[in-house]
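Novice: Sequence plus the predicted model coming up.
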Amino acid sequence: MNETACIVLAAGDGKRMRSDKPKVLMNVLFEPMLGWVLDSVEEINPDEICVVVGNGEEQVRAYLETRGRLCSVVRQTERKGTGHAVMQAENVLRNSKSVLVLCGDAPFIDAGTINAALKIHNEGHCGVTVIAAVPDDPFGYGRIVRDTNGDLLRIVEQKDADENQRSIGEINSGAYWFDSAALLEALPMLMNDNAAGEYYLTDAVSVIRKSGRRAAVCTAENKYIVLGANSRADLTVLNNYAREKIINELMLEGVEFPCTDGIIIGKNVEIGRDTVILPNTVIRGKCRIGCGCEIGPNSLLEDTTAGDGVILNNVQSYQSVVESGAHIGPFSQLRSGSHIGRNVKIGDFVEIKNSNIGEKTSAAHLTYIGDSDVGRGVNFGCGCVTANYDGIHKFRTKIGDDAFIGCNTNLIAPVEIGDNAATGAGSTITENVPSNALAVERAGTRIIDDWEMNKKRPRK
Ligand code: UD1
Ligand code: CA
């Protein structure tokens, strides 16, 4: 028997989104709404998590696979209401003492609120504890009707409410703690004789009260916990709220934003103090940026770690690590698997892919370094290319410490350049170069006097 379980209701299609994805997979700051909810759930760590899905089951399952923690999935084949949806997870109720029910499309429910409600729920020995909120506009939500003791009497849906009930500002967030046994007993008693013709989970409140158990309310301080999205416009509202919240939190931690225009920072991003973020910069996925960096303008970082004092100016970086003191940009790209050492300089129109670049190495202009292991203090002249692909296979290039790669060198992998070795400008290197040697692989100049072609060209 589990102490706690969680059921996330996620069977809505979200027709108004006009998307091929189910609604709970619509993104807020690049993360599916369901992911936001599960992040909060995982913080309180229930013994079991179960997601109730509808259409788009495969897509939801595929998303859940990308997450670390296992969730069970049950299918609600017909959308008959929130009570019916919970019923599909009957086994979860049978195997738990208390169950948390959440909506998969209300991304801002937080662990603090969930824990506060659990405390009220346990201390009051309640059959159900509803998380409520007081939004700016209660329209559309179920209203909280309290008894004279301040306990929850029942929840009345917008469609079923009379004028008096509609004037109530306190609403049901759609998040609840239930005594699992009490809910299991109540569910078969739900009726669908209401304005929507649905089995309302909210009706379980009155049933549980009638059985003699207490129904309590936990009113959340944050009115945004109820916010959900039914349309693309709603999603933009959620994005704007989350964007500002994250930027404000980062400011409190000492991050500098001279202007927040075009800056979007995801929820799994850490940034150190005195780092400056400049306009039109998107930082998403799992990123960790150190102190005293300057990121942007016009940069996109995804799953990137940067040390302290790093400059990323007009940089695109994916799944890469940049050590302290590196200066990158403008107009540089770090593709997946790049590890840039301390104090490295990467300049304009340089692309690095799946490579290790040793400290103090410099590739200042127009260079491609792919599948390479580059030592310390190496200098790449302008226009160097590691030719890592023969059309079928990829090969690595190895360059020793303090090597000097002349302008316009092609390094045809697999190839190794020794420590302190050099290549002549314009060379196409196909053989390993020993340490301390210079390799020149280009034809000498031939001068052809009195060339025919020039005679034929009309003179101006
Ligand atoms: C529900 C509550 C309402 C509350 C509001 C908060 C009921 C009857 N009403 O209303 O009191 O104020 O949430 O947002 O519960 N779902 C399913 N299967 C279904 C129906 C819904 O999985 O058959 C899921 C939806 O995907 C959604 C959640 O349950 O994640 C809530 O359903 P929704 O239809 O949005 O309920 P509301 O009418 O908003
Ligand atoms: Ca809703």
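Specialist: That came through fine. Ligands and ions are numbered 1, 2, ... in the order given.

Novice: Helices of the stretch 351-460 of the chain, start to end?
Specialist: 452-456 (DSSP state H, counting those that start in this stretch).

Novice: which residues does the residue in the stretch 51-200 of the chain positioned nearest to ligand 1 contact?
Specialist: Nearest to ligand 1 in the stretch 51-200 of the chain, going by CB to the nearest ligand atom, is residue 142, at a distance of 2.2 Å. Glycine gets a C-beta too; all of them are placed from N, C-alpha and C. Neighbour list for residue 142: 155, 156, 157, 158, 171, 172, 174, 202 [criterion: CB atoms under 8 Å, 6 or more residues apart in numbering].

Novice: do residue 451 as well
Specialist: The contact partners of residue 451, by CB under 8 Å, 6+ apart, come to none.

Novice: Then residue 334?
Specialist: Contact analysis of residue 334 by CB under 8 Å, 6+ apart lists 304, 315, 316, 317, 318, 320, 322, 328, 340, 346, 352, 353.

Novice: gap between it and ligand 1?
Specialist: Per CB to the nearest ligand atom, to the nearest Å, residue 334 is found 38 Å from ligand 1.

Novice: just residue 44 next, same as before
Specialist: For residue 44 relative to ligand 1 (CB to the nearest ligand atom), the value is 19 Å.

Novice: in terms of contact, does that residue touch residue 116 like I think?
Specialist: No - with contact defined as CB atoms under 8 Å, residue 44 does not count as touching residue 116 (10.9 Å).

Novice: what about residue 146, how many neighbours?
Specialist: Neighbour count for residue 146, taken as other CB atoms under 10 Å: 16.

Novice: circling back to that earlier point, most neighbours out of the contacts of residue 142, which is it?
Specialist: Counting neighbours by other CB under 10 Å, residue 155 leads the contacts of residue 142 with 29 neighbours.

Novice: Mind listing the residues bridging to that one?
Specialist: residue 144 (DSSP bridges).

Novice: Would you mind naming the helix or strand containing residue 261?
Specialist: Taking DSSP states H and E as the criterion, residue 261 maps to no regular element, lying outside all helices and strands.

Novice: next one: phi and psi at it?
Specialist: Backbone torsions of residue 261, given as degrees, to the nearest 10, read phi -60, psi 130.

Novice: what sits against it?
Specialist: By CB under 8 Å, 6+ apart, residue 261 lies in contact with 279, 280.

Novice: Which pLDDT value goes with it?
Specialist: Per-residue pLDDT puts residue 261 at 98.

Novice: Could you do residue 446 as well?
Specialist: For residue 446, pLDDT reads 93.

Novice: repeat for residue 73
Specialist: On the pLDDT scale, residue 73 gets 97.

Novice: One more: residue 14?
Specialist: 85.

Novice: OK, contacts around it?
Specialist: 22, 23, 24, 26, 105, 229, 230 are the contacts of residue 14 under CB under 8 Å, 6+ apart.

Novice: from the middle of its chain, how far away would the biggest helix by length in the chain be?
Specialist: Longest helix in the chain by number of residues, with DSSP state H as the criterion: helix 232-252. For helix 232-252, the gap between its own C-alpha mean and the chain's C-alpha mean amounts to 14 Å (CA atoms, centre = their mean, to the nearest Å).

Novice: what does stretch 246-259 give?
Specialist: Using CA atoms, centre = their mean, the offset of stretch 246-259 from its chain centre is 19 Å.

Novice: cool, and stretch 17-36?
Specialist: With CA atoms, centre = their mean, you get 11 Å for stretch 17-36.

Novice: Contacts for that stretch, please.
Specialist: Contacts to stretch 17-36, defined as CB under 8 Å, 6+ apart, come from residues 8, 10, 12-14, 37, 51, 53-56, 59-60, 63, 67, 104-108, 228-232, 235, 238-239, 242-243, 246, 264-268, 284-285.

Novice: can you do 7 Å?
Specialist: Applying CB atoms under 7 Å, 6 or more residues apart in numbering, the contact partners of stretch 17-36 are 10, 12-14, 55-56, 59-60, 63, 104-105, 107-108, 229, 231-232, 235, 238-239, 242-243, 264, 266-267, 284.

Novice: Stretch 425-436 too?
Specialist: With CB under 7 Å, 6+ apart, stretch 425-436 has contacts from 381, 400, 406-412, 415-421, 423, 439-442.

Novice: ok, now stretch 293-303?
Specialist: 275-287, 289, 306, 308-312, 314-319.

Novice: go again using 8 Å as the cut-off
Specialist: In contact with stretch 293-303 (CB under 8 Å, 6+ apart) are residues 263, 271-272, 275-287, 289, 306, 308-320, 329.

Novice: Looking at these, which are in strands?
Specialist: 271, 276-277, 281-284, 287, 289, 306, 311-312, 315-320 (DSSP state E).

Novice: Generate a ChimeraX selection restricted to the buried entries among these.
Specialist: In ChimeraX syntax, the buried subset of the ones in strands among the contacts of stretch 293-303 is picked out as below (16 or more other CB atoms under 10 Å):
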select :271,277,281,282,283,284,287,289,306,311,312,315,316,317,318,319,320
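
Novice: wait, does stretch 80-100 make contact with ligand 1?
Specialist: Yes - judged by CB under 6 Å from any ligand atom, stretch 80-100 comes into contact with ligand 1 through 80, 81, 82, 84, 85.

Novice: Next, format those residues as a markdown table and append neighbour count and secondary structure.
Specialist: A markdown table is the format used below for the residues of stretch 80-100 next to ligand 1 (neighbours: other CB atoms under 10 Å; DSSP: H, G, I helix; E, B strand; the rest coil):
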| residue | neighbour count | secondary structure |
| --- | --- | --- |
| 80 | 17 | coil |
| 81 | 21 | coil |
| 82 | 25 | helix |
| 84 | 20 | helix |
| 85 | 26 | helix |
